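>>> quick one: sequence and predicted model below, then my questions.
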Amino acid sequence: MRYAGITKGTIALGAMMLAARRSGCAEALLEELAASQAQVLAFFRRSIPDMFGKAQPWAAEMSENAGFVGDGHVEGGIYQAMAAFYAVLGDDNRGPCREVRTLDLMPRKES
């Protein structure tokens with residue numbers, strides 16, 4: 001479960017792509033990641049689309065990690081936020097797919 005906190009937590013960091021798309025700077029973000037963090041970008045390209053159907057159970061795992069950390073510790077809030085993120089994506093994946101479609105726009109191949 002702690003391993004999942006790191007691996008699935010890292011995938012949740014790709015949520016910045018949602019904000020980048022909304023603000024119109026997604027292409028600049030992709031270019032910067034390609035230039036400075038190519039392995040991270042490759043990981044996101046592989047992992048984010050694969051996560052959509054798994055997001056709801058992952059929300060429960062992130063909540064469990066928050067509980068493991070315990071109340072009063074700053075990192076617990078990170079896992080609570082990741083649980084909320086995955087819960088929203090899980091619901092969206094079963095419904096309107098607005099967020100999922102936005103995240104799925106990330107190109108899988110390097111330009």
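Looks like it arrived, so ask away.

>>> just the pLDDT for the residue in the chain sticking out farthest from the centre.
The centre of the chain is farthest from one residue, residue 72, which by CA atoms, centre = their mean lies 24.3 Å away. Among the per-residue scores, residue 72 shows a pLDDT of 91.

>>> same check, this time on residue 108
pLDDT recorded at residue 108 is 59.

>>> for residue 92, which non-adjacent residue is closest in space?
The spatial neighbour of residue 92 that comes closest, neighbours along the chain excluded (CB to CB, 6 or more residues apart in numbering), is residue 99 at 4.4 Å. Every C-beta, even on glycine, is put in place using the N, C-alpha and C of the backbone.

>>> contact partners for that neighbour?
For residue 99, the contact set (CB atoms under 8 Å, 6 or more residues apart in numbering) comprises 18, 88, 89, 92.

>>> and the helix or strand where it lies, what's buried?
Per DSSP states H and E, residue 99 falls inside helix 98-104. Neighbour-count burial for helix 98-104 flags 99, 100, 102, 103 (criterion: 16 or more other CB atoms under 10 Å).

>>> over to stretch 42-61?
Under the neighbour-count criterion of 16+ other CB under 10 Å, stretch 42-61 has 43, 44, 45, 48, 51, 52, 54, 55, 58, 59, 61 buried.

>>> with stretch 81-88 instead?
Within stretch 81-88, the residues scored as buried using 16+ other CB under 10 Å are 82, 83, 85, 86, 87.

>>> among the residues you listed, which lie within strands?
With strands taken from DSSP state E, there is no overlap with the buried residues of stretch 81-88.

>>> ok, those residues vs residue 3, which is closest?
Of all the buried residues of stretch 81-88, the one with the least separation from residue 3 (CB to CB) is residue 82, at 14.4 Å.

>>> any idea how far that closest one is from residue 12?
Distance, residue 82 to residue 12, using CB to CB, to the nearest Å: 5 Å.

>>> shared neighbours, the two?
By CB under 8 Å, 6+ apart, the residues touching both residue 82 and residue 12 are residue 62.

>>> let me see the ranges of the helices in the chain.
Ranges of helices in the chain, per DSSP state H, are 2-12, 16-23, 26-36, 38-51, 55-69, 74-94, 98-104.
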